[in-house]
Structure formats: structure tokens, C-alpha cells
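K.L.:
Make a model of this:
(one chain, ligands or ions: 1)
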Amino acid sequence: MSTNTLTTLEHIDREWWKEAVVYQIYPRSFNDTDGDGVGDLQGIVDKVDYIDSLGVDLVWLCPVYGSPNEDNGYDISDYHSIMDEFGDMADWERLLAELHDRDIRLIMDLVLNHTSSEHEWFQRSRRGEGEYADYYYWRDGRPAEDADYDTDDGPADEVAPNNWESIFGGPAWSYVPEREQWYLHLFDENQPDLNWRNPTVRQAMKDVVSWWLDRGIDGFRMDAVSHMSKTDGLPDGDPDGTPTGIEHFSHGPRLEEYLTELSADVLSNHDITTVAEMGHTSIEQAASYLEDDAVGLDMIFQFSHMGVDGGWDPETVGEWDLTEFKRIMSERQDALADRGWDALFLGNHDQPRIVSRFGDEAAHRESASLIATFLLTMRGTPYVYQGEEIGMTNADFESLDEIDDPQTVGRVEQYIADGVADSYEELREVVNAQSRDHARTPMQWSDEAGTGFTDGEPWLKCNADYTEINVAAQRDDPASVLNQYRTLIDLRQSTDALVYGDYELLTPEDDQLYAYTRTLDDERVLVVLNWSSEPATFEGSEIDAGDATVLYGNHDDAPTDPTGASLRPWEAVVYRL
Ligand code: GLC
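P.N.:
Here you go, the predicted model:
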């Protein structure tokens, strides 16, 4: 792992996962070796040397288990097998071995909150069979005359048991005539929520976790964790909640208990790492889970910074403010300074592409490398999502037919049903800014047809810019985004202050510059980012930069003295003070 100079400093709470840089792989879109247009495990094996060449230490593999793919693997029908399109268990074992041979660890994506409706548990549950009857949330409907909401499903005289909405849009309940009851699904209707109150369900999931740990993996990214516990009695939510009911299905009363049990019984017996996805979670909530060792979470994906651009609001699409972004990021850094460790991310398989969102496609190389500088110099473990390292951008989805993502489809349909828009065309701008499918277009390996991702017909359309933005074009160019990532990953791994140092924000009110220091004892690093398309001057009056040396610049001729430095648009410089 990293070469550190300060290994003797006793006050640093060293952990391998704090020193790691993570690479996230969405297998469906990474590399296809059998020409079916869908990525596969052999495709990842073929790129292990590429992954190694980035200098990363840990791979997070999105779900590869048996799945009908209504939500691309996040709807698991068999936790103990590999999805046919991706290969088989022997391919998975080869991947693990190839990664471990290169000292790269592997974490698997663990979906705890729900299964696929095709999982055998649900099939039996819908028939009310024995112990499976209570594996999911089943409830009787409510008489339609007693409700102030409508649900199209089910018998004419009844509506869903409560007014909760799915995170993907539409009601969170679907009716099953066979059982004459409704089941809860906080995501797609094909993703029924598991009933974690049932100790048999908890045991079954602990068995899944143990089964994978026995295969020698290095931890889990835990999906949708904040939703595992629901308010007793499943009461109606505030009709204005987005989505309605969220106050009853985020951070429910028993969440901490479930996590603690999982940790005590299984996770804590292994040298692994855990990172939990927690949507609808405040920084304070995240900090309180992280500081409690018994909960067993090393890191949390918390989303406050992802709301900075207004998300799916068609009125404010794409607008964001650097001072607000700095405030949010600094709040996270400060909240976790003594209480936990952040999972640093700007993109993932659920988010738009970071250059399009936070940078400038017209200043592609500079803005992509500035964002990389930020990601790799903050306190926390950086997560690089596939394609970020070459600066992949958002695609243009011309019609809803080009979209695969159930969340995008659900939201578009809901906006149209609610009268927010009359047609897809009116929503195209917000889809082009926010859809999860931007992250899922095929990885751009080369300028060949199919982006070098496939010889067949890709499962999702390729981004038209692949002829310009691709790995082959950047591989040998030292200035390329790809090589800037390699340089920055290496810098982080050889600079303890960038991993463990305290964070201090400079110039909070400046709407062009994001500048901060990272300090560990007498090692002090200054990061100055001109996060704008105009030149900017860094006064630097609050720091003593007498002996500054440049550790990194995204231009060859970075200003050597940070005090009073003029920075070009999107210029990023890292100094040792
Ligand atoms: C998480 C995953 C997302 C998935 C959802 C439901 O948010 O990251 O891709 O759709 O959970 O499993």
C-alpha cells in the first residue's frame, strides 16, 4: 500500500482503508468480451492491469449476483450465484485472485433492504408459504373512502395501506391478487422490501454476508442502508414529503440495532471495511453512526453535497454556487474531524458525470483534473467512478426510449402525470443534467465503434464524444486527464498529510477559488483551485508561504509562489508549505 514517511507517529489512527483510493466498477458498462453488448467479469479480468496502472488499492464491484435486472443487479434473485450475462463463479474467483495478486482489495455490493420479486423468498412469500409469509412487508389495503390518496392498483374499493411514495416515483405499494394483500417496495415494484423485524430474515441475511466473507473478499459497500427500519405501524407520511413517507422509512427506530447485530455477529470478526450508502441522511446523523464502533460502519456515503445543484428540479437545473458547495464540504470535514472518516465522492453509478456537473466540458482537461485534485486531496477515502479518470461526460438522451434507468423513467412519468411537464422534450434538459444513465453509458476505451467496450450492440447508447474522450487517446499523453489522475493518486499515497491531515478552509466567501490546507504535525499542504472559467488571484494573506514548493499543478508552469498567484481558469495547484 502507500509509502509513508511518518509511520512512527503514534497519534495517527492508521487503517488500510483510510489510505486506500477506491475504483468503482459498474460491470454492465465496463468491458464486454463475449459480444452480447453487456459487460462481463472476464472483461474486468482483462482490464486488471489497467486498473492497477491507476494506482488504486481497492475495487468496489457493483452487484454481479443473479438478477432479472429490473434495476441492473440491485434487484437480487440469488445472492449465491453470478448473473448469467456476467459469467460464472469461476470468473468471479479469477477476478478476485487477479486483483489480490496485484495487492488490490475487493469489496462487494450488498443489497440488504430488498430482494428481487423473483427471489425464491418472495415467490414463497407471495403464496403465504410457512416462514416465508412474513419475510416482506404485507398489509391489507385501506378502504378507498377512508383515504385521501389514490393508488391505481388493487381492487376498486381499496387503496394501498398508506400514502408512502417510492423513491423511484409512484406508490410504494403493489397489490398481489394471489395473497389479496399489498407489499411494500421503497424502490421499483420488482424490489420488495425485506422485513428486517423478522429475526429469521436477519439470520438469512447474516448467512449471505458470511458466505461472501468466506470467499475472501475485503468488505462491503452496503446499499440503501438508511431504509432498513420503518416506523412501527407504518403510519401515513406528510403528503408534502419528497417522497411522501420518507420520515417513516429513513433512519427508522431499529436501524442502529440491525446494524449493530450484523456487525457483532458477522462483520466484526473479519479484517474488512464497510461503507454504507445512506440517502436522506444529515451529516450529524452520519457522524453519530460513524463514531459508534458497535454499529460497524467505517464510512458512509452521505449526499448533502449532491443536492447543491437542485437535483431534479426543472426550475433550477444545473445551477450551483461554489460558496455553498464549500460550506457543505467543510461542514462534512469539520463534523467528521474527530468523529469519523468520510467516503469522498462526487460521482457514482447513480449520479451524473462530474465534469458536466461540476466542471466545464469546454475546458475538459483542466476542469476534470481540477476536480480530481479536489477529490484526492480532501480528508476521507476517495472513490473514483469508472470513466471519471478520463473525464467522461453526460450524454444527450433524445427520447425516453433511450433511457434504461427505472428512476429516470419513474420521475419523468410522475412529472408528466403531475402536470409539471407535458412531454419528455420539456424534461430533456433536466434528464440530461441528472439521469443515472449518464454514469452507465459504456466505458470509453477507444475511438472504435462500440467505444472498444463491445463488438456487439451496446445495451445502452454510447456517449457521442467517445471518439475524442477515450483511454487509448489519453494513455500516452502525460498531460491527459488519465495521467493527471495517476499522478494525483500517487501524490496522495505518498503524502501522509493528504490522508490524515486536518482540513482548514481558506477564503470561504470567494466564489471562484476553493483553497484549503491539510496539516499533519509539521507537514502542511496547501491546495488552491480556481473553480471557474475566469482567471483569479489567490491573495494568500492568511498563510505563510515563504518556502512553498509545488507538489502538483494541472499546468506545467504552475505559479511557484502561491501568495498573490494568478491562476488560469480551472487551474489547480498543490503546494507543500
Ligand atoms: C442504491 C443503489 C441504486 C439502486 C438503489 C436500489 O441507491 O446505488 O443504484 O437503484 O439502491 O437498490
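K.L.:
all contacts plus neighbour counts: C-alpha atoms, from now on.
P.N.:
Noted.
K.L.:
residues from the stretch 51-200 of the chain in reach of the ligand?
P.N.:
Listed as neighbours of the ligand in the stretch 51-200 of the chain under the rule CA under 6 Å from any ligand atom: 71, 74, 187.
K.L.:
So which of the residues you listed is the closest to the ligand?
P.N.:
Comparing these against the ligand with CA to the nearest ligand atom places residue 74 closest, at 4.5 Å.
K.L.:
And for that closest one, the neighbour number?
P.N.:
25 (other CA atoms under 10 Å).
K.L.:
dump the residue contacts of it.
P.N.:
The neighbours of residue 74, taking CA atoms under 8 Å, 6 or more residues apart in numbering as the test, are 63, 67, 111, 115-116.
K.L.:
Go through those and flag which are in strands.
P.N.:
residue 111 (DSSP state E).
K.L.:
So which of the contacts of residue 74 belong to helices?
P.N.:
With helices taken from DSSP state H, there is no overlap with the contacts of residue 74.
K.L.:
Just give me the closest of the contacts of residue 74 to the ligand.
P.N.:
Once CA to the nearest ligand atom is applied, the member of the contacts of residue 74 that ends up nearest the ligand is residue 111, at 6.5 Å.
K.L.:
So which residues make contact with the helix or strand of the chain at the bottom of the mean pLDDT ranking?
P.N.:
Scoring the helices and strands of the chain by mean pLDDT, DSSP states H and E places helix 406-417 at the bottom, with a mean of 93. Where contact means CA under 8 Å, 6+ apart, the residues beyond helix 406-417 that reach it are 70-71, 167-170, 188, 400, 403, 421-424, 427, 431, 435-436.
K.L.:
Return it as CSV; C-alpha atoms alone will do.
P.N.:
Output in CSV follows, covering the C-alpha atoms of helix 406-417 (Å, rounded to 0.1, in the frame of the first residue of the first chain):
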residue,chain,number,x,y,z
PRO,A,406,-36.2,3.0,-13.8
GLN,A,407,-35.6,6.0,-11.6
THR,A,408,-35.4,8.4,-14.6
VAL,A,409,-38.4,6.7,-16.3
GLY,A,410,-40.4,6.9,-13.0
ARG,A,411,-39.6,10.5,-12.4
VAL,A,412,-40.4,11.6,-16.0
GLU,A,413,-43.7,9.7,-15.9
GLN,A,414,-44.5,11.2,-12.5
TYR,A,415,-43.7,14.8,-13.7
ILE,A,416,-46.0,14.3,-16.7
ALA,A,417,-48.8,12.8,-14.5
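K.L.:
for the helix or strand just after that helix, what is the average pLDDT?
P.N.:
On the C-terminal side of helix 406-417, the closest following helix or strand by DSSP states H and E is helix 424-434. Averaging pLDDT along helix 424-434 gives 97.
K.L.:
Give the other helices and strands that the following helix or strand past helix 424-434 contacts.
P.N.:
Using DSSP H and E, the helix or strand that follows helix 424-434 in sequence is helix 471-474. Packing contacts for helix 471-474, counted by 3 or more CA pairs under 8 Å, 6 or more residues apart in numbering; DSSP states H and E, involve helix 481-493.
K.L.:
Give me the helices and strands touching the helix it packs on, please.
P.N.:
Against helix 481-493 (3+ CA pairs under 8 Å, 6+ apart) you get helix 48-54, helix 364-375, helix 471-474, helix 496-500.
K.L.:
hmm, who's touching the shortest one?
P.N.:
Put plainly, it is helix 471-474. Contacts of helix 471-474 (CA under 8 Å, 6+ apart): 390, 444-447, 480-483.
K.L.:
Which two of the residues you listed have the greatest separation?
P.N.:
Spatially, the most separated pair among the contacts of helix 471-474 is 447 and 483, at 18.4 Å (CA to CA).
K.L.:
Those two - which one has more neighbours?
P.N.:
residue 483 (20 against 17).
K.L.:
you'd agree that one is up against residue 477?
P.N.:
Yes: contact criterion CA atoms under 8 Å: residue 483 and residue 477 qualify, at 7.2 Å.
K.L.:
coming back round to it: make JSON lines out of the contacts of helix 471-474 and add distance to residue 211.
P.N.:
Shown next, in JSON lines, are the contacts of helix 471-474 (distance: CA to CA, whole Å):
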{"residue": "390", "distance to residue 211": "36"}
{"residue": "444", "distance to residue 211": "34"}
{"residue": "445", "distance to residue 211": "34"}
{"residue": "446", "distance to residue 211": "38"}
{"residue": "447", "distance to residue 211": "41"}
{"residue": "480", "distance to residue 211": "42"}
{"residue": "481", "distance to residue 211": "39"}
{"residue": "482", "distance to residue 211": "37"}
{"residue": "483", "distance to residue 211": "38"}
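K.L.:
For those residues, give me TSV that also has distance to residue 174 and pLDDT.
P.N.:
What follows is those, written out as TSV (distance: CA to CA, whole Å; pLDDT from 0 to 100):
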residue	distance to residue 174	pLDDT
390	42	99
444	39	98
445	42	98
446	44	98
447	45	98
480	50	98
481	46	98
482	46	98
483	49	98
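K.L.:
Just the closest of those residues to the ligand, please.
P.N.:
Proximity of the contacts of helix 471-474 to the ligand (CA to the nearest ligand atom) peaks at residue 444, which lies at 20.8 Å.
K.L.:
what sits against the residue sitting nearest the centre point of the chain?
P.N.:
The structure's the chain has its C-alpha centroid closest to residue 348; by CA atoms, centre = their mean the separation is 3.9 Å. Residue 348 makes contact with 24, 384-385, 439 under the criterion CA under 8 Å, 6+ apart.
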